[in-house]
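*Asks:* here's a sequence, model it:
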Amino acid sequence: MTSYVADAPISNPAEDRFSRWPFAKRIADTIATRTDPSSLVIAIYGAWGDGKTTVLNFVAKELDELEDVVVIRFNPWRFPDEATLLRSFFATLAKALGAKLTTGKEDLGKALSKYGKFLDVVKTGVGSTLKDVGELIGDIEIEEEKRRVEQILSENKKRAVILMDDIDRLEKTEIQAVFKLVKLTGDFENVSYVLAFDSQMIANAIGERFTAIEDERAQAGHSFLEKIVQVPLDLPAIPRGALGRFAFEAIEEALQTAGIQLTESQSHDFAQTFSDSIGTRLNTPRMAKRYANAITFALGINKGEVHEVDLMLIEGIRVFYPQAYKAIKHNKQVLTERSDGILNKKTLPDRRAQLKAELEKNLQTDEAKSLLKLLHSLFPRFGESFYGPDWEGEWAKLKRVASPKYFDRFFTYSVPEGDISDLRISSLLSTLESGSIEEIISMLKELITPSNAELAISKFRTRADELSKNSAKNLAMAIARAGDLFPAFDDFLISSDPANQAAMLIGKLLKQIESPNRYGIAEPLAREAEPLPFACRVVRWVASGNDTPIQDRRLTPDEDIALWKCLAIRIKEYVHSNGRRIFEEPRQAMIYFELMARGGYETDAQQFLTEDVRQNPSDAILFISGFLPISYTVSGSKPGEFEGNTYDRVSRLVAPSLLHDCIVNLYGDEVANPVYTGPSDRPLAETIAHQFEYVHKRILAEAAPKQPAHSSDGKDDSNSMVVVTK
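*Replies:* Okay, here's the model as predicted:
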């Protein structure tokens, strides 16, 4: 169960941490030893959360020990008007005194109740019938009633001490009503008041009643207080060392509640940073309690998902610099982006200067300096130093707020949509050693969505070095068999799509296993990876190129050949079982045929394609289209143009002359004089036919031996080009 620090005053002097008991005892002793019967109004001035209520509790505790003193707590909250406030005040007095004081001549409680009712009627003219008013005025005058109440207090040798707290939390009209009450009743003999409030807030509220000029209200309010309060006392300042110790004890309790143990280095860094930046704004015990509760909540929700020390410091900004916190929350790019991009070089300096000015607003010079120092520590790129792209990986690995990938978590108290929980990643990784492949695949399916697949792979890659050999093997196999979780782009060669990223991760995991054992794992990957297009990606990233240095190879050259053959066998079986249906995805089909050739089944690929296009000439266009590069634009992707290098790839699988025959069969004279660049609205199939024919004729012309050509006038025309069409 989460434990929060109670923001409650104390009553037991043994729990006093800030020397409030000696101060309260002096106040109680002053009241107790006083011989003058006249009314006394004592005011304790202090900020919110500074311990005023605790002082009143201590005063009450000390005075309760005296037989001749009756302590009365009056809470002036939630009274709609002055009349109701007066009635409540005297009812409270009546109840407190009536329970302890009765005389043969007069019941003190009844007298006070009657006096309160009389004041109500005289002041407002409402709340009683005219008959009641007449009876009251006829029976007794105000001063006579007041003298009778004082007489009863005197005869019984009792003194009443009225304690009022939280006055500075009232609405302005309520504050004015409370002090009007004190003024009206403040000259009762044998009655003392101890009032606790923030003097500046009260002065401003009262001052509105005396002047409409805003700058003069505080002075007018203080002048009014001076007429009512006989003994103004400022709450003694808490020694900063004691307040700091209290804060760190509360922080330590919050960490224990969250089950977080900081390292010695982390503890030292946090303590130093907190003291230098946030601690300068720590003025009251309440602020320390609020901060401890804030980090208890934040750590409880985000434990394991963010860098704990960063989170504690961000929460410190939220509690102690609330306006700055809002500005930070909405300036992710300014705080985390690099400044070396072309656009950022032009815009970031100005945006950072604007944010700096906003952060410094309404802060003292030393406070602004402390805050900016803290932000430079949390967000290194916000400072003057240059931090390149390599730092992003380091910050992400540590889950720092400076990482764009983690920034939002510090301000949403959750893992944002499209992000992925580090705790769930850790849970999955902890299962790898002993869990079955099926269990791991099931966890992957629960964890990964199309929107977070790339991020999930990034997190696995970051933590791959932590895995044992067996864990690495199991994760590689589970990812291979769950390849449909990772979206793939159209282009097999684009390494940034989640499918290729996942295949690259499998290659990285395989490299963590000793070389002699790798092929025994790589071959099942090639056989079992699903779907088949993903298996092609896996083999591509597991096998090495011929020019790869020995030390960087995952497999030996012979093992590479064997792995490609294993994949080619799968592809061959797939192609023959699906027939012409493979042309439903021309680009993927051409990848299959090229990989068949690479795995030693080039003849099989050529035979299949040759037979197919002979029987189905239109498949020639599908076949060629599968080799077209993809052109990416702002509006999306589209097939690129058929060029010489594409022609070479096509020629390895199907004789160009056969493709030419098929195209002529389909388009006839339309392609007799092919035009490479045609009208923009020309159908794609027709464009492919024209471009193939154009390149085909050019290559044949370049390859044909040049014969001198003779013009009709007998001159040699050696610049003429003989175009061979077949």
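*Asks:* the residue nearest to residue 416 when sequence neighbours are not counted: how many residues sit nearby?
*Replies:* Closest residue in space to residue 416, ignoring its immediate chain neighbours: residue 408 at 4.8 Å, by Cβ to Cβ, 6 or more residues apart in numbering. All C-beta atoms are positioned from the backbone trio N, CA, C, and that covers glycine. Look at residue 408: counted by other Cβ atoms under 10 Å, it has 17 neighbours.
*Asks:* what of the one 4 residues further on?
*Replies:* In terms of burial, residue 412 registers 14 neighbours under the definition other Cβ under 10 Å.
*Asks:* kindly report the same for the one 5 residues further on.
*Replies:* By the criterion of other Cβ under 10 Å, residue 417 has 10 neighbours.
*Asks:* ok, residue 364 to residue 321 distance?
*Replies:* 12 Å (Cβ to Cβ, to the nearest Å).
*Asks:* more neighbours: those two, which one.
*Replies:* Taking neighbours as other Cβ under 10 Å, residue 364 and residue 321 compare with residue 321 leading, 24 against 11.
*Asks:* which residues does that one contact?
*Replies:* By Cβ atoms under 8 Å, 6 or more residues apart in numbering, the residues touching residue 321 are 278, 281, 363, 367, 371.
*Asks:* at 7 Å instead, please
*Replies:* Residue 321 makes contact with 281, 371, according to Cβ atoms under 7 Å, 6 or more residues apart in numbering.
*Asks:* quick check on it: phi, psi?
*Replies:* The phi and psi values for residue 321, taken as degrees, to the nearest 10, are phi -130, psi 60.
*Asks:* switch to numbering from 719
*Replies:* New numbering, starting at 719: the last item is residue 1039.
*Asks:* and the pLDDT at it?
*Replies:* On the pLDDT scale, residue 1039 is placed at 94.
*Asks:* quick check: residue 1356 is in a strand.
*Replies:* Yes - read with DSSP: H, G, I helix; E, B strand; the rest coil, residue 1356 is one of the residues of a strand.
*Asks:* from residue 813, how far off is it?
*Replies:* 87 Å.
*Asks:* give the burial count for residue 1306, as a bare number.
*Replies:* Number of residues near residue 1306 (other Cβ under 10 Å) recorded here: 17.
*Asks:* these two touch, right, it and residue 1251?
*Replies:* Yes - when contacts are counted by Cβ atoms under 7 Å, residue 1306 is listed as touching residue 1251 (5.7 Å).
*Asks:* list of residues touching the stretch of helix or strand residue 1163 belongs to?
*Replies:* For residue 1163, the element it lies in under DSSP states H and E is helix 1155-1165. Residues from elsewhere that reach helix 1155-1165, judged by Cβ under 7 Å, 6+ apart: 1138, 1142, 1146, 1149-1150, 1174, 1192-1193, 1195-1196, 1199-1200, 1203.
*Asks:* what comes up buried for that helix?
*Replies:* Buried residues in helix 1155-1165, defined by neighbour count with 16 or more other Cβ atoms under 10 Å: 1155, 1158, 1159, 1161, 1162, 1165.
*Asks:* same question for stretch 1099-1108.
*Replies:* Neighbour-count burial for stretch 1099-1108 flags 1099, 1100, 1105 (criterion: 16+ other Cβ under 10 Å).
*Asks:* pick the one among those residues closest to residue 973.
*Replies:* Taking Cβ to Cβ as the measure, residue 973 sits nearest to residue 1100 out of those, at 27.0 Å.
*Asks:* residues contacting residue 793?
*Replies:* residue 884 are the contacts of residue 793 under Cβ under 7 Å, 6+ apart.
*Asks:* for it, give me the pLDDT.
*Replies:* In this model, residue 793 is scored at 83, pLDDT.
*Asks:* before we move on, what about residue 1324?
*Replies:* For residue 1324, pLDDT reads 95.
*Asks:* domain parsing for this structure?
*Replies:* 737-952, 958-1130 (automatic domain parsing).
*Asks:* could you dump those domains to CSV with distance to residue 1318?
*Replies:* Shown next, in CSV, are the domains of the chain (distance: least, Cβ to Cβ, whole Å):
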stretch, distance to residue 1318
domain 737-952, 79
domain 958-1130, 39
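*Asks:* weakest of these by average pLDDT?
*Replies:* domain 737-952 - the lowest mean pLDDT of the domains of the chain, at a mean of 78.
*Asks:* first to last residue in that one, what's the distance?
*Replies:* For domain 737-952, the first and last residues are 14 Å from each other (Cα to Cα, to the nearest Å).
*Asks:* picking that back up, between the buried residues of helix 1155-1165, which is nearest residue 1094?
*Replies:* Distance ranking of those against residue 1094, using Cβ to Cβ, places residue 1165 first at 35.8 Å.
*Asks:* residue 1256 versus that closest one, what's the distance?
*Replies:* If you measure residue 1165 against residue 1256 using Cβ to Cβ, the figure is 20 Å.
*Asks:* how about residue 1215?
*Replies:* For residue 1215, the distance to residue 1256 (Cβ to Cβ) stands at 14 Å.
*Asks:* who's more crowded, those two?
*Replies:* When residue 1215 and residue 1256 are compared for neighbours, residue 1256 comes out ahead with 30 against 19, by other Cβ under 10 Å.
*Asks:* flag every buried residue along the helix or strand hosting that one.
*Replies:* Taking DSSP H and E as the criterion, residue 1256 maps to helix 1250-1260. The neighbour-count check on helix 1250-1260 (16+ other Cβ under 10 Å) flags 1250, 1251, 1252, 1253, 1254, 1255, 1256, 1257, 1258, 1259, 1260 as buried.
*Asks:* what is the rounded mean pLDDT of whatever helix or strand comes next after that helix?
*Replies:* Downstream of helix 1250-1260, the first helix or strand assigned by DSSP H and E is helix 1275-1296. Here helix 1275-1296 scores 95 as its mean pLDDT.
*Asks:* one step back: out of the buried residues of helix 1250-1260, which comes closest to residue 1111?
*Replies:* For the buried residues of helix 1250-1260, the nearest to residue 1111 is residue 1259 (19.6 Å; Cβ to Cβ).
*Asks:* do you know how far the closest one is from residue 1266?
*Replies:* Residue 1259 is 12 Å from residue 1266, by Cβ to Cβ.
*Asks:* sorry, back to before: pull the distance from the helix holding residue 1163 to the chain's centre.
*Replies:* Its chain's average C-alpha position is 27 Å from that of helix 1155-1165, according to Cα atoms, centre = their mean, to the nearest Å.
*Asks:* check which element follows it along the chain.
*Replies:* Where DSSP H and E defines the elements, the next helix or strand beyond helix 1155-1165 is helix 1171-1181.
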